[in-house]
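Engineer: below are the sequence and a predicted model for it; my questions follow.
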Amino acid sequence: MKRYLLFVSLSYSYSILRPIQTEIRKRGDDVAWFIEDGCTVRLRDGEKRLLSIKDVMEYNPLAIFAPGNYIYDFFPGIKVEVFHGLFFKRTDYGDHYRIRGLFDLYCVTSSMFMPEFKRLEEKYGFFRVVETGWSKFDAYVNTGANTDKEGITILYAPTFTESLSSTVDLYNQIERLLQEKDWKWVFSFHPKMKTETIEQYRALADRYDNALYSEEDDKLGLFTEADLMVSDTSSVIYEFLWFDKPVVTYKNTFPENHLLDIQNANELESAIEKAISRPADLLENISKKMDEVHSFRDGKSSARILDAVDDFVENYKGKIKKKPLNLFRKLKLRRKAGYFPFGPRYKVSE
């Protein structure tokens with residue numbers, strides 16, 4: 001029986017990793033979770049948690065899956081990056097293509113990212129890149145819109161990146177629309193959003209009956225309930241577009257024709273009205289863009305990820321270049337985890 005570990009560093013990890021867990025169990029193998037200190041624990045009945053580094057060492061997983069930007073290098077097993085979003089935020093691509101020397105295998109979400117990742121694979125030589133699709137979308141297959149609800153529901157899901165966020169500029173317009181329109185608003189913010197911003201919008205929701213601040217990390221239910229999304233430059237946009245629903249964006253970094261992008265907060269109401277009308281050309285543009293961003297619609301991305309691990313074990317493990325020493329970053333991770341040389345050292349049990 002193979003053993004696998006799911007590595008959680010932020011609360012958004014659960015919905016990305018659970019489809020992988022489902023596929024592992026389907027294959028008759030074993031899976032456990034390791035949740036970093038300080039991260040919200042949202043495990044369900046029947047999900048196994050390893051509480052310490054010693055537990056992980058003794059569990060000795062074949063592979064570890066992480067949606068975040070890092071993983072503990074001292075954990076045993078193949079280190080697999082499965083990504084926490086579908087699209088980069090900035091024109092310089094931010095950290096989307098940053099190679100930190102921690103991962104053995106990158107399970108890339110889309111063919112649009114493969115050329116650059118393949119170039120990096122050839123350049124560095126110590127990791128493999130495979131296009132698998134995004135595991136999170138496995139749970140979205142066969143999930144449709146809620147047709148029983150009444151009225152219009154707007155999901156507001158801005159980025160936490162301050163330089164790109166709409167939370168300040170759109171606040172007054174959102175409050176005005178709460179007063180003047182019977183639209184229902186749901187505020188759903190990233191866990192890295194500034195605390196004061198969260199509290200500001202939570203207070204706004206408390207003042208109006210047609211507003212709700214959602215604490216849900218798994219946004220699938222919110223996506224099916226909402227008729228449209230308002231955002232800025234957040235990768236969550238492309239999760240919502242999966243459902244062929246319009247998105248109004250504020251000063252988006254990539255304002256293409258699949259989005260209703262505005263440059264002025266005063267345009268928000270008219271853009272929402274247009275989104276509600278669901279123009280045919282917009283829906284066609286959304287469909288074309290999502291074919292580019294994530295062409296897989298078969299719900300088998302997690303299966304491809306596990307197959308990629310098996311291929312790595314058989315054909316590449318121990319046969320490609322070793323990862324760089326990366327001493328400073330490894331020391332930082334050890335300090336963060338309280339692991340040797342800053343804590344007790346554990347060895348895998350024989």
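Structural biologist: All right, it came through fine. Numbering: from 1, shown residues only.

Engineer: okay, CA-based contacts and neighbour counts for the rest of this
Structural biologist: Noted.

Engineer: so residue 314 sits in a helix?
Structural biologist: Yes - with DSSP: H, G, I helix; E, B strand; the rest coil as the criterion, residue 314 is located in a helix.

Engineer: tell me how many other residues crowd it.
Structural biologist: 11 (other C-alpha atoms under 10 Å).

Engineer: how about the one 10 residues further on?
Structural biologist: The number of residues packed near residue 324 is 11, by other C-alpha under 10 Å.

Engineer: the residue nearest to the spatial centre of the chain - nearest residue in space that isn't next to it in sequence?
Structural biologist: Centre of the chain computed as the mean C-alpha position; nearest residue by C-alpha atoms, centre = their mean is residue 84, 2.9 Å away. Beyond its immediate neighbours in the sequence, the residue positioned closest to residue 84 (C-alpha to C-alpha, 6 or more residues apart in numbering) is residue 67, lying 4.7 Å away.

Engineer: could you check the pLDDT of residue 341?
Structural biologist: pLDDT recorded at residue 341 is 63.

Engineer: shouldn't residue 7 be in contact with residue 64?
Structural biologist: Yes - when contacts are counted by C-alpha atoms under 8 Å, residue 7 is listed as touching residue 64 (6.7 Å).

Engineer: can you pull the contacts of the residue nearest to residue 84?
Structural biologist: With contact set as C-alpha atoms under 8 Å, 6 or more residues apart in numbering, residue 67 has these partners: 7-8, 13, 16-17, 81-84.

Engineer: ok, now how distant is it from residue 231?
Structural biologist: Taking C-alpha to C-alpha, to the nearest Å as the measure, residue 67 falls 22 Å from residue 231.

Engineer: same question for residue 49.
Structural biologist: Distance from residue 49 to residue 231, by C-alpha to C-alpha: 35 Å.

Engineer: more neighbours: these two, which one.
Structural biologist: residue 231 (25 against 17).

Engineer: would you say the residue nearest to the centre of the chain is within a strand?
Structural biologist: No - using three-state DSSP, the assignment for residue 84 is coil, not a strand.

Engineer: and it, what is it in contact with?
Structural biologist: Listed by C-alpha under 8 Å, 6+ apart, the contact set of residue 84 reads 12-13, 16, 67-68.

Engineer: and it, what's its pLDDT?
Structural biologist: The predicted local distance difference test score for residue 84 is 89.

Engineer: same deal with residue 15?
Structural biologist: Reading off the confidence values, residue 15 has pLDDT 93.

Engineer: that one: neighbour count?
Structural biologist: Look at residue 15: counted by other C-alpha under 10 Å, it has 18 neighbours.
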